[in-house]
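J.: have a look at this prediction, sequence included:
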Amino acid sequence: MTKSPVMETVKILGFGGSLRKGSYNWALLENAKDLMPEGSILTLHDLSDIPIYNQDLDSNIPEPVRRFKDAVRSSDGILISSPEYNFSIPGYLKNALDFASRPPNDNPFPGKPVAIMSASGSMLGGARVQYHLRQVLGYLDMRQIHRPEVFIASAHTKFDKDMKLNDESARGFMRQLLEKLVKEASFYSARKD
């Protein structure tokens, strides 16, 4: 009699594009923990200690960048939630992605499944940051989950005082996005073994 294979937990790494206390995007990531499919786990990573990228550091990567790269490598997939700054990607998020992808022979992103969410006080819910971020993630050769798109518009009306997302439609779209991400991440995990 053969043993059935042991199912490994699918590990998703989440990080955000906002440093502010009370960030709707960080709250979105925290809410995603409760919506993760069975057999998966979401671990959040704080990017606030990553220094400004300087190519002179490619041969001596700072410890916060090394920790981030290791977290990306040990994950099966990535979940990003970011606000939109000036129609685009917040500088510190772009900086973290740039630094972690350098030097080119030590880039942990290629092939890694990734999903994006955004929350904003605007009526577009951060749509433009997602479109710009998709260009960057495409260049990094990540496997993007394109649908459903999760835009939380008028975010100040969608969270309660404890920062719990109280919009059931948005929660439903998040569940669908996370299910697709975890499914793709499980394929990725099987391929790398």
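T.: Good, I have the coordinates.

J.: got any ranges where the protein has weak pLDDT?
T.: Along the chain, segments meeting pLDDT under 70 span 1-7, 121-126, 192-193.

J.: give me the longest helix you can find in it.
T.: What stands out as the longest helix in the chain, according to DSSP state H, is helix 168-192.

J.: may I see the buried residues of that helix?
T.: Within helix 168-192, the residues that qualify as buried are 170-171, 173-174, 177-178, 180-186, 188-189, counting by 16 or more other CB atoms under 10 Å. Heads up, the C-betas are built off the backbone N, CA and C, glycines and all.

J.: how close does Leu19 sit to Pro148?
T.: Using CB to CB, to the nearest Å, we find Leu19 at a distance of 27 Å from Pro148.

J.: repeat that for Val72.
T.: For Val72, the distance to Pro148 equals 24 Å [CB to CB].

J.: show me which of those two is the more surrounded one.
T.: Neighbour totals were compared for Val72 and Pro148, and Val72 leads with 19 against 14 (other CB atoms under 10 Å).

J.: so the closest residue in space to the more buried one that isn't next to it in sequence: helix, strand or coil?
T.: Distances taken as CB to CB, 6 or more residues apart in numbering place Pro108 nearest to Val72, at 4.2 Å, with adjacent residues excluded. Taking DSSP: H, G, I helix; E, B strand; the rest coil as the rule, one finds Pro108 in the coil state.
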